[in-house]
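Colleague: attaching a predicted model along with its sequence, questions to come.
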Amino acid sequence: MAKRPTKLQLLSQTGPSTKTCQATESVCADFLDYLRSECHLAANTIAAYGRDMQRFATWVGKRKLNQITIRDLSGYIADLQSFGLAPASIARNVVATRTFFKYLQLEGIVEGNPAELIATQKMWQRMPGVLSKSQVEAFLRSPRKTDAYWQRDIAMLEVLYATGCRASEVCSLRVRDLSLVEKHLKCEGKGGKQRMVPIGARAITAIHFYTEQIRGKLAAKSPHPPEQLFLSRSGRALDRIQLWRLVKFYARRVGIDPKISPHSLRHSFATHLLAGGADLRYVQEMLGHASIQTTQIYTHVEHSRLKKVHQNFHPRA
């Protein structure tokens, strides 16, 4: 029986470009399996990497992975810019490409790693959108009693800002994860990592009101009532898309930038803590960042605001 060719042999074959492309797509699929089973990345992260790898495999075309150079990869990044991708999306593609080539090295498909030399331009590192404290106050008061599920929406918005949790973390939050007497909750972040996050009095009051008023009625609509705290009108767990739409809806109501997203409240949470004097390490822990470098972007945001204050009010600015 003939032996099945190795990945390296497949990628070194000469022949129609379709075969090369198929081999590349196969390795990309194996890479995603590796991220899922070995690295234990979150489902949303793997989905994002999957989109990046699909774009990368299409770009590879006739090329062989073990012959790609830094010059080729620089051209790939330039192509991403020409496609009109957002700076954050380009930066993520760079990270995905670097990680992919590290995987190729582990598998013996390539010897060197040209992706290590890809530079992430400073222009790609955009400051996250942050709401002012007055904007946050107006936003949190935006649900009205005429809204269908205003009790739930107030609690949801309060939790987003009070904890700095990601949209996916808020949607997956279960009733049993709440420890309101101790004023904290347990959330599951990227890669299944759990952390305890403090929660303030206003958010606790909003949660109590929501659970007492309508959560039970919503849960009764589902044949199998979910454990999640925030439920949709059908009694199912609220998903990220529904949460995103609600945030957009209430932002428009109070005249806040339409580009706002659930992540904007996470950015605002971190920036306001640092502005109040919170230690960067504590903020890192509350946000669930694996690296302190990720949290440091919020210090740059705060510094930019301090510069603006200095320019506006210092007599010799």
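Modeller: Arrived safely, thanks for sending.
Colleague: where does the stretch 201-317 of the chain dip in pLDDT?
Modeller: Along the stretch 201-317 of the chain, segments meeting pLDDT under 70 span 300-310, 313-314, 316-317.
Colleague: for it, just list every one of the helices.
Modeller: With DSSP state H, counting those that start in this stretch applied, the stretch 201-317 of the chain shows helices at 201-210, 216-219, 240-253, 262-275, 280-287, 292-295, 297-313, listed in chain order.
Colleague: can I see the domain layout of the protein?
Modeller: Domain segmentation of the chain under automatic domain parsing yields 7-124, 133-313.
Colleague: mean neighbour count added to those domains, as CSV?
Modeller: All C-beta spots, glycine's among them, are computed from the backbone N, C-alpha and C. Below are the domains of the chain laid out as CSV (neighbours: other CB atoms under 10 Å):
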stretch, mean neighbour count
domain 7-124, 15
domain 133-313, 17
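Colleague: can I get the helices of the stretch 201-317 of the chain in TSV including distance to Arg166?
Modeller: Converted to TSV, those look like this (distance: least, CB to CB, whole Å):
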stretch	distance to Arg166
helix 201-210	16
helix 216-219	23
helix 240-253	9
helix 262-275	6
helix 280-287	9
helix 292-295	13
helix 297-313	15
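Colleague: of all the ones you listed, which one is nearest Glu25?
Modeller: helix 240-253 (27.5 Å; CB to CB).
Colleague: which other helices and strands contact that closest one?
Modeller: helix 150-163, helix 167-172, helix 262-275 (3 or more CB pairs under 8 Å, 6 or more residues apart in numbering; DSSP states H and E).
Colleague: how about those helices in TSV, adding distance to His224?
Modeller: Rendered in TSV, the data for those read as follows (distance: least, CB to CB, whole Å):
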stretch	distance to His224
helix 150-163	19
helix 167-172	16
helix 262-275	26
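Colleague: out of those helices, which is closest to Tyr298?
Modeller: Here helix 262-275 is closest among the helices and strands packed on helix 240-253 (CB to CB), at 4.4 Å.
Colleague: who's in contact with Tyr250?
Modeller: 139, 142-143, 153, 157 (CB atoms under 8 Å, 6 or more residues apart in numbering).
Colleague: let me fix that, I meant to ask about Gly50.
Modeller: Counting by CB under 8 Å, 6+ apart, Gly50 has contacts Leu32.
Colleague: right, and the helices of the stretch 201-317 of the chain - which one's nearest Cys187?
Modeller: That would be helix 280-287 among those, by CB to CB, at 10.2 Å.
Colleague: quick check: angle from that closest one to helix 150-163?
Modeller: Taking axes from the mean of the first three to the mean of the last three CA atoms, to 10 degrees, helix 280-287 and helix 150-163 form an angle of 150 degrees between their directions.
Colleague: next, the angle helix 262-275 makes with helix 280-287.
Modeller: 150 degrees.
Colleague: circling back: out of the helices of the stretch 201-317 of the chain, nearest to Ala86?
Modeller: Nearest of those (CB to CB): helix 262-275, 13.0 Å.
Colleague: packing partners for that closest one?
Modeller: helix 133-140, helix 150-163, helix 167-172, helix 240-253, helix 280-287, helix 297-313.
Colleague: where along the stretch 1-150 of the chain do the strands fall?
Modeller: Applying DSSP state E, counting those that start in this stretch to the stretch 1-150 of the chain gives no strands.
Colleague: now do the contacts for the spatially closest residue to Val159 that is not a sequence neighbour.
Modeller: The spatial neighbour of Val159 that comes closest, neighbours along the chain excluded (CB to CB, 6 or more residues apart in numbering), is Ala203 at 5.4 Å. Contact partners of Ala203, counting by CB under 8 Å, 6+ apart, are 155, 158-159, 161-163.
Colleague: can you list these in JSON lines and add distance to Thr295 and pLDDT?
Modeller: Listed next are the contacts of Ala203 as JSON lines, based on distance: CB to CB, whole Å; pLDDT from 0 to 100:
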{"residue": "Ala155", "distance to Thr295": "27", "pLDDT": "97"}
{"residue": "Glu158", "distance to Thr295": "23", "pLDDT": "96"}
{"residue": "Val159", "distance to Thr295": "20", "pLDDT": "96"}
{"residue": "Tyr161", "distance to Thr295": "18", "pLDDT": "95"}
{"residue": "Ala162", "distance to Thr295": "18", "pLDDT": "95"}
{"residue": "Thr163", "distance to Thr295": "15", "pLDDT": "95"}
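Colleague: please consider this matter closed, and thank you.
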